[in-house]
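**Q** Turn this into a model:
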Amino acid sequence: MGNRFTVPNLSLEHALNARGISRIAGIDEAGRGPLAGPVAAAAVILPKNFSCPGLDDSKKLSASARRKFYDHLTTHADIIWSVATADHEEIDRINILQATHLAMRRAVEGLSEAPDHCLIDGLPLRLFPYPHDGIVKGDSISLSISAASIIAKVTRDDIMQEIDREFPQFGFAKHQGYGTKAHLEALRIHGPCRHHRRSFQPVAQLALPLDGP
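**A** Take a look at the predicted model:
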């Protein structure tokens, strides 16, 4: 399925509804690329005629806009949603791709109602235990996936804020663990902390204690 739409909408969901498939969960993740912290995934089932002007791929929105949509989505009485993580130790043990898929499965398993079908941002997943379609750039196409992208992103950013309070020398609140110049310099000075992903470059290259100050 290509990117045929300029803004996310419910066309894919409605096409599945027309085939008799009722509960459709959009799934997306946040945090595959950073050098530290967990990867988060969210699953969201929207009401069939849901409308939320301005809701879009989380990467296209400001932090304040994401927070506004997050608050709306997570308090809406008719939205079924769940968010889950895989932590840095799981990422190092099974690799980031498998950890991302694990977080996605956990998110779906956390829904109060099991979905009949899932729309997942990206390519189809091998061995995923639910019927699904992989939608490349789905967070810009499917409103359900867009909603999931926002919930996953805000959840992970909040976790990184907590980690920042524990290890303020790394600046996690500013870069969320991504490999910015400031983060790499902090790694050089302090060595990795316990939230860093040991299997990620350049963390793996540092001949320094993995439990820094």
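**Q** Nearest residue to the middle of the protein?
**A** Closest residue to the average C-alpha location of the chain: Glu29 at 2.2 Å, with C-alpha atoms, centre = their mean.
**Q** Surely that one touches Ala103?
**A** Yes. Here Glu29 reaches Ala103: they are 6.4 Å apart, a contact under C-beta atoms under 8 Å. For glycine as for every other residue, the C-beta is placed from the backbone atoms N, C-alpha and C.
**Q** Need the residues touching each of these two.
**A** Val39, Ala40, Ala41 (C-beta atoms under 8 Å, 6 or more residues apart in numbering).
**Q** Name the SS class of the residue nearest to Glu29 when sequence neighbours are not counted, please.
**A** Of all residues not flanking Glu29 in the chain, Ala41 sits nearest, at 4.4 Å (C-beta to C-beta, 6 or more residues apart in numbering). Under the three-state scheme (DSSP: H, G, I helix; E, B strand; the rest coil), Ala41 adopts strand.
**Q** Then Ala147?
**A** Assignment for Ala147 (three-state DSSP): helix.
**Q** Tell me where this structure has helices.
**A** 11-18, 63-75, 88-94, 96-109, 143-166, 172-175, 181-190 (DSSP state H).
**Q** These: which one's closest to Arg198?
**A** Among the helices of the chain, the nearest to Arg198 by C-beta to C-beta is helix 88-94 (4.9 Å).
**Q** Report the buried residues of the closest one.
**A** The neighbour-count check on helix 88-94 (16 or more other C-beta atoms under 10 Å) flags His88, Glu90, Ile91, Asp92 as buried.
**Q** got it, and stretch 128-145?
**A** Result for stretch 128-145 [16+ other C-beta under 10 Å]: buried residues 128, 130, 132, 134-135, 138-145.
**Q** remind me which residues of this protein are low pLDDT?
**A** 1-5, 205-213 (pLDDT under 70).
**Q** ok, back up a step: for Ala99, see how far away the residue nearest to Glu29 is.
**A** For Ala41, the distance to Ala99 equals 10 Å [C-beta to C-beta, to the nearest Å].
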